[in-house]
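> Here's my sequence, what's the structure:
(one chain, ligands or ions: 1)
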Amino acid sequence: MSSSRPDPALDAAVATAAGSSEPINVALMHILLAAPSETAARAALARATVSDRVTALTALLDACPGAFDRLAAIRALEQPTRGGAASPALWKTLFDRAAEIDEGAAVALYALGRADLLAAATGEIIASLAADDLLSPASTVLDFGCGAGRLMAALAPRVGRVVGVELSAHMAEAAGRAIAEDGNAMVVRGDGRDLAFLVTGGFDLIVALDSFPYVAAEGEERVIEQLAEFRRLLAGGGRVRILNYAYAGDHADRAWSIARLAAVAGLRVLAARPGGFAHWDGELFDLAVA
Ligand SMILES: C[S@@+](CC[C@H](N)C(=O)[O-])C[C@H]1O[C@@H](n2cnc3c(N)ncnc32)[C@H](O)[C@@H]1O
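Now for the predicted structure:
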């Protein structure tokens, strides 16, 4: 059977995922992204050295019908963007199209298209903000690159006001639906360079959840520009929490880069570390006024 023929690259991806300590849904995402088909992913898991982790990966794949097709469809959208210069126009096209396939998978491939996994990941992010005392009924929060609004909807009952900024029209529409019942939440279309209508010093917390890598991909000047705008918007004693700053390089590269560029923008890094989430491998960067 051709599907059981060894595929060295895929077998290596399975071995890495099986040996890693990353969340199991993240590990399965890596396998599916490396596989040419679901059948091939299943065959590679069947060929892998038997272990509890391989059994759990196979069980999770069984519990995620359609995950391969969703991830493959969204991944295919990224191919043309690889060739083009990183720009808001490129990201808008990418996320507009991705939202049409599956809003949840588009904002978080690691949720594998499952609403419960996405909700669990969002719940952990909210819990970590609460544990760090960053949410209060009086606080005003900016959700930069809010996507389909999962974080906004979870924040709205816990804070005074939440404003989402989103580049993609389709994502912004989805976010509008997500917060339709929340009188203290609003979504605006924009790319982050156009936030002059937001009051200086008006935000106690700015969260960028898996959105800053798209800014980082546009280069250092753009990062400084966006961080300086965050600095302008931040209230005294306020905090910027960036969950994933960039996808390139390793953690040390990213920590060094954000510290250097934040300093230019008038911010300082308070923390740079793995997020420590059970359902997501995102990194956490906390910044405050220098
Ligand atoms: C991976 S998604 C994450 C969405 C959301 N934060 C979440 O985690 O559910 C990244 C989002 O950032 C948005 N985005 C990227 N660059 C942006 C920019 N410069 N300004 C506003 N939104 C941006 C994209 O359109 C996309 O919806």
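
> pLDDT averaged over stretch 148-160 - what is it?
The predicted model gives stretch 148-160 an average pLDDT of 98.

> wait, does that stretch contact the ligand?
Yes. Counting by Cβ under 6 Å from any ligand atom, the ligand has neighbours in stretch 148-160: 150-151. No exception for glycine: its C-beta is placed from N, CA and C like everyone else's.

> Please save the CA atoms from that stretch in PDB.
Taking Å, rounded to 0.1, in the frame of the first residue of the first chain, the C-alpha atoms of stretch 148-160 are listed here in PDB:
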ATOM      1  CA  ALA A 148     -12.900  37.000  14.700                       C
ATOM      2  CA  GLY A 149     -13.300  38.500  18.200                       C
ATOM      3  CA  ARG A 150     -12.800  35.400  20.400                       C
ATOM      4  CA  LEU A 151     -10.600  37.400  22.900                       C
ATOM      5  CA  MET A 152     -12.900  40.500  22.800                       C
ATOM      6  CA  ALA A 153     -15.900  38.400  23.600                       C
ATOM      7  CA  ALA A 154     -14.100  36.800  26.600                       C
ATOM      8  CA  LEU A 155     -12.700  40.100  27.800                       C
ATOM      9  CA  ALA A 156     -16.000  42.200  27.500                       C
ATOM     10  CA  PRO A 157     -17.600  40.800  30.700                       C
ATOM     11  CA  ARG A 158     -14.400  41.300  32.700                       C
ATOM     12  CA  VAL A 159     -13.300  44.800  31.800                       C
ATOM     13  CA  GLY A 160     -14.800  48.300  31.400                       C
END
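
> For the residue most central in space within the chain, list the residues it contacts.
Of all residues in the chain, the one closest to the mean position by Cα atoms, centre = their mean is D210, 2.7 Å from it. Contacts for D210 (Cβ atoms under 8 Å, 6 or more residues apart in numbering) come out as 107-108, 145, 147, 243-244, 282.

> Need the nearest residue in space to L134, chain neighbours excluded.
L205 (5.3 Å; Cβ to Cβ, 6 or more residues apart in numbering).

> quick check, that neighbour in a strand?
Yes. Assessed with DSSP: H, G, I helix; E, B strand; the rest coil, L205 lies in a strand.

> Would you convert the contacts of D210 into JSON lines that also reports secondary structure, neighbour count and distance to the ligand?
Listed next are those as JSON lines, based on DSSP: H, G, I helix; E, B strand; the rest coil; neighbours: other Cβ atoms under 10 Å; distance: Cβ to the nearest ligand atom, whole Å:
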{"residue": "V107", "secondary structure": "helix", "neighbour count": "25", "distance to the ligand": "3"}
{"residue": "A108", "secondary structure": "coil", "neighbour count": "24", "distance to the ligand": "6"}
{"residue": "G145", "secondary structure": "coil", "neighbour count": "25", "distance to the ligand": "3"}
{"residue": "G147", "secondary structure": "coil", "neighbour count": "28", "distance to the ligand": "2"}
{"residue": "L243", "secondary structure": "strand", "neighbour count": "22", "distance to the ligand": "8"}
{"residue": "N244", "secondary structure": "coil", "neighbour count": "20", "distance to the ligand": "8"}
{"residue": "G282", "secondary structure": "coil", "neighbour count": "21", "distance to the ligand": "9"}
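
> Just name the closest of those to L195, please.
Of all those, G145 has the smallest distance to L195: 12.3 Å, by Cβ to Cβ.

> sorry, back to before: quickly list what the residue nearest to L134 is bridged to.
Note on L205: beta-bridge partners V141, R239, judged by DSSP bridges.

> was I right about it contacting R241?
Yes. L205 is in contact with R241 according to Cβ atoms under 8 Å; the separation is 6.8 Å.
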